[in-house]
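Peer 1: got a sequence here, can you build the structure:
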Amino acid sequence: ATPLETWTESFWNGSDLFNPDVSGPNADPDKDGIANLLEFVFNLNPTQKESIPGSFKTDPENETMLTYILPFNPDAAEMIKFQESSTLKANEWTDIDPDNSDAEITRSATSISLKIPKASAQMKMIRVIATIPG
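Peer 2: Numbers count the residues shown, from 1 in each chain. Alright, predicted model coming up:
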């Protein structure tokens, strides 16, 4: 079983385990606005209402940078990424690539952080997404 399958089985059994509206990666059975896949990534409980964890603040080491730090499930390290857009149009979100931008993405055993320069020109939105490999 994959780590996601093992996690899913730790919360549901019987018919709920095979019901995509309850235990599927896009389901939100606790109605907190966080799909099960993100609940897995952030190590949350999909049967209890919670909010997206993490903090977004000025970097204490460099006040020209903003830092977004999110705790995450180590089993989901390769499933998470950040995207940016200057609009909210679905086709205009792009992956943040630290090799080709001023952004820094750092992973530890229990968190992922994004450092980006404070906006000096065009406004951008940042989102975190999770994908299932394969």
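Peer 1: so where's the chain uncertain?
Peer 2: For the chain, the stretches flagged by pLDDT under 70 are 119-122.
Peer 1: what's the biggest helix by length in it packed up against?
Peer 2: For the chain, the longest helix by residue count, based on DSSP state H, is helix 3-11. The helices and strands touching helix 3-11, judged by 3 or more C-beta pairs under 8 Å, 6 or more residues apart in numbering; DSSP states H and E, are helix 36-41. (C-beta placed from N, C-alpha, C; glycine too.)
Peer 1: ok, then the element right after the helix it packs on?
Peer 2: Next helix or strand after helix 36-41 toward the C-terminus (DSSP states H and E): strand 55-59.
Peer 1: buried residues in that following strand?
Peer 2: Residues residue 59 are the ones in strand 55-59 that count as buried (16 or more other C-beta atoms under 10 Å).
Peer 1: list the helices and strands that strand packs on?
Peer 2: Helices and strands touching strand 55-59, by 3+ C-beta pairs under 8 Å, 6+ apart, are strand 62-71.
Peer 1: can you give the strand pairings for the strand it packs on, parallel or anti for each?
Peer 2: strand 55-59 (antiparallel), strand 111-117 (antiparallel) (DSSP bridges).
Peer 1: give me the buried positions along the longest one.
Peer 2: Applying a neighbour-count criterion of 16+ other C-beta under 10 Å, one finds 112-116 buried in strand 111-117.
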